[in-house]
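Q: how would this look folded up:
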Amino acid sequence: MPSMRRILLVLVLSCGLASADTIRDALVSLCEPAKIATISAERGANPRVRKICYWLEMARKAGREPSIEMREVMSALALNLN
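A: Numbering: from 1, shown residues only. Predicted structure coming up:
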């Protein structure tokens, strides 16, 4: 049980330290079409989806709206494709 407390403590502290740029960079990387295209049926998208949910929760806890954050991520990805 002590290790679970440490994990929770790290997650709570990281939430407070995560900047908008850190969150957005992580989301852009996770949502990149070239990386998503490599997901096979065998492995599935679950780990990637969990990471995306984690970073959206960090954005929400930092006072930003997750839907707005994802719009900005998709805009950044669209710019990178052009």
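
Q: what about E69, distance to R5?
A: Using CB to CB, to the nearest Å, one obtains 29 Å as the distance from E69 to R5. C-betas here are computed from N, CA, C, even on glycine.

Q: Count residues in the vicinity of R48, would you?
A: As a burial measure, R48 scores 15 neighbours (other CB atoms under 10 Å).

Q: Take the helix or strand hosting I23, keep the C-alpha atoms, and write them as PDB.
A: Per DSSP states H and E: I23 is located in helix 20-31. The C-alpha trace of helix 20-31 is given here as PDB (Å, rounded to 0.1, in the frame of the first residue of the first chain):
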ATOM      1  CA  ALA A  20       0.100  24.200 -20.800                       C
ATOM      2  CA  ASP A  21       3.000  23.500 -23.200                       C
ATOM      3  CA  THR A  22       3.900  20.200 -21.500                       C
ATOM      4  CA  ILE A  23       0.300  19.100 -21.700                       C
ATOM      5  CA  ARG A  24      -0.200  20.200 -25.300                       C
ATOM      6  CA  ASP A  25       3.100  18.700 -26.500                       C
ATOM      7  CA  ALA A  26       2.100  15.300 -24.900                       C
ATOM      8  CA  LEU A  27      -1.300  15.400 -26.500                       C
ATOM      9  CA  VAL A  28       0.100  16.400 -29.900                       C
ATOM     10  CA  SER A  29       2.500  13.500 -29.800                       C
ATOM     11  CA  LEU A  30      -0.200  11.000 -28.700                       C
ATOM     12  CA  CYS A  31      -2.600  12.200 -31.400                       C
END
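
Q: all helices for this structure, in order.
A: Here the chain has its helices, by DSSP state H, at 2-17, 20-31, 33-36, 46-61, 66-81.

Q: Just put the ones you listed in TSV and tack on mean pLDDT.
A: Listed next are those as TSV, based on pLDDT from 0 to 100:
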stretch	mean pLDDT
helix 2-17	63
helix 20-31	86
helix 33-36	80
helix 46-61	89
helix 66-81	88
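
Q: A76 versus the closest residue to L56 other than its chain neighbours, what's the distance?
A: Leaving aside its sequence neighbours, L56 sits nearest to P66 (CB to CB, 6 or more residues apart in numbering; 4.2 Å). P66 sits 15 Å away from A76, going by CB to CB.
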